[in-house]
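Visitor: predicted model and sequence below, questions to follow.
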Amino acid sequence: MSLVMAMVTAAVFAIFGFPFRYYQCWFSFSKIGTTVGSALYLVLAGGGGGVLGWGLAQLAGVQPAQNPLLDGVLYGVAGALALRADFGARPTPDGPPDHLASARSALSASINWTADLLDDITARRVEAWLAAMPDDQLVAEALRVHSDIRQQPDDVVPDKAKKEMSRMLVPAMEQLDEVAEQAKGRAHLIMFCTRYYRERHLPKTPQPTRRDRDRRNRGDSSTRRSPTSEPAPTRSAVPRVGP
């Protein structure tokens, strides 16, 4: 019972291993792929972390609470923390041997592989999504990426890198107006935006719903009407002529 509880606890902690925007980005581009990848991640991080914490306690002969359920929670927390530790750290010669170092390294590599899997699936979907856009929509998406870059703090994206990215984007957008350079410009914009989406985990741009489009169309039709125009008179308001 303590082992099962440790695995469940470690799985709950594993959910918070990635920022919320990662899940938002992954699910916005591939719901099925993200569901499968997330399930694999929870099995590796949750199950592996629980077994790791439980195994450490068994090796040390520790039962802190003398209660299987509570012990399992503590084992799961310990396993989750162990997975987040520095897996590359080697034990000192004078220190005690780490019997589970290889297991932790294998779990860390598996978790990192799963995260890369989710990023790669998203990148392929982003590339296909951008490639299907017309030129004007692709430029609008590139401008969104450019705006996000400019709004990043300097400690995240240095000012020099911002200027370099702007220098790369502007010529590519200008190439779309030239027939001979149009394919080259599209390829550059698609690759640039795909890479940025993958690295920064930007979610897909929300598309207006049918209700939003209807509301916008009604607004456009009302603005096109002349403010001085008067409504047509009703039948009862038209004067009758004749006997």
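Guide: Right, received. Where do you want to start?
Visitor: His188 contacts Glu174, doesn't it?
Guide: No. Counting by CB atoms under 8 Å, His188 does not reach Glu174; the two are 10.9 Å apart. To be clear about C-beta, it is placed using only N, CA and C from the backbone, and glycine gets the same treatment.
Visitor: ok, the two, which is more surrounded?
Guide: Using other CB atoms under 10 Å as the criterion, His188 and Glu174 rank with His188 on top: 19 against 12.
Visitor: tell me how far the more buried one lies from Asp148.
Guide: 18 Å (CB to CB, to the nearest Å).
Visitor: now do Arg124
Guide: Distance, Arg124 to Asp148, by CB to CB: 21 Å.
Visitor: what do you get for Ala11?
Guide: Here the criterion is CB to CB. By it, Ala11 lies 32 Å from Asp148.
Visitor: in terms of neighbours, single out the busier of these two.
Guide: Between Ala11 and Asp148, counting by other CB under 10 Å, Ala11 is the more crowded of the two (21 against 14).
Visitor: assign the more buried one to helix, strand or coil.
Guide: Following DSSP: H, G, I helix; E, B strand; the rest coil, we place Ala11 in the helix state.
Visitor: ok, it - contacts?
Guide: 42, 45-47, 49-50 (CB atoms under 8 Å, 6 or more residues apart in numbering).
Visitor: secondary structure element for Val62?
Guide: Per DSSP states H and E, Val62 falls between elements, in no helix or strand.
Visitor: quick check: pLDDT value at it.
Guide: At Val62, the pLDDT value in this model is 74.
Visitor: for Val8, same thing?
Guide: Value listed for Val8 in the pLDDT field: 86.
Visitor: list the contacts for Ala39?
Guide: Neighbouring residues of Ala39 by CB under 8 Å, 6+ apart: there are none.
Visitor: what element comes up after the helix or strand where it lies heading to the C-terminus?
Guide: Applying DSSP H and E as the criterion places Ala39 in helix 31-42. Once the chain leaves helix 31-42, the next helix or strand it forms, by DSSP H and E, is helix 48-60.
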